[in-house]
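S.K.: Below is the structure, and that's it, no one-letter string:
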């Protein structure tokens, strides 16, 4: 979606659909490095969203959701 760099801080915002199965779901990103954390900016339902068990990479993060939802997430 969008990338922002201000001084030493860089971030990437993307959207993804999560099925709500409670299992790890892959979210692709273009941050260019392994994110330190993620902030859920918005979601289409009241689903809880949390970090999955798989190790994040420079191109993918893994999230889980309690119900089907579409999220907007900022990675930094």
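M.R.: Happy to help now that I have it. Computed from a predicted model, the values in this text were never measured in an experiment.
S.K.: In contact with the spatially closest residue to residue 15 that is not a sequence neighbour, which residues?
M.R.: Leaving aside its sequence neighbours, residue 15 sits nearest to residue 72 (C-beta to C-beta, 6 or more residues apart in numbering; 4.9 Å). Bear in mind the C-beta positions are built from the backbone N, C-alpha and C, glycine included. By C-beta atoms under 8 Å, 6 or more residues apart in numbering, residue 72 lies in contact with 1, 13-15, 40-43.
S.K.: Which ones among those residues map onto strands?
M.R.: Mapping these onto strands (DSSP state E) picks out 13-15, 40-43.
S.K.: thought residue 26 was touching residue 60?
M.R.: Yes. Between residue 26 and residue 60 there is a contact under C-beta atoms under 8 Å: 5.3 Å.
S.K.: ok, how many other residues are close to residue 53?
M.R.: When neighbours are counted by other C-beta atoms under 10 Å, residue 53 registers 8.
S.K.: how about the residue nearest the centre of the chain, secondary structure?
M.R.: Centroid-nearest residue in the chain: residue 73, 4.8 Å away (criterion: C-alpha atoms, centre = their mean). With DSSP: H, G, I helix; E, B strand; the rest coil as the basis, residue 73 sits in strand.
S.K.: who does it bridge with?
M.R.: residue 14, residue 40 (DSSP bridges).
S.K.: that older thread, show me the one in the ones in strands among the contacts of residue 72 that has more neighbours than the rest.
M.R.: With neighbours set by other C-beta under 10 Å, the maximum within these is found at residue 14, which has 19 neighbours.
S.K.: I'd like the distance between that one and residue 31.
M.R.: Note on residue 14: its distance to residue 31, by C-beta to C-beta, to the nearest Å, is 9 Å.
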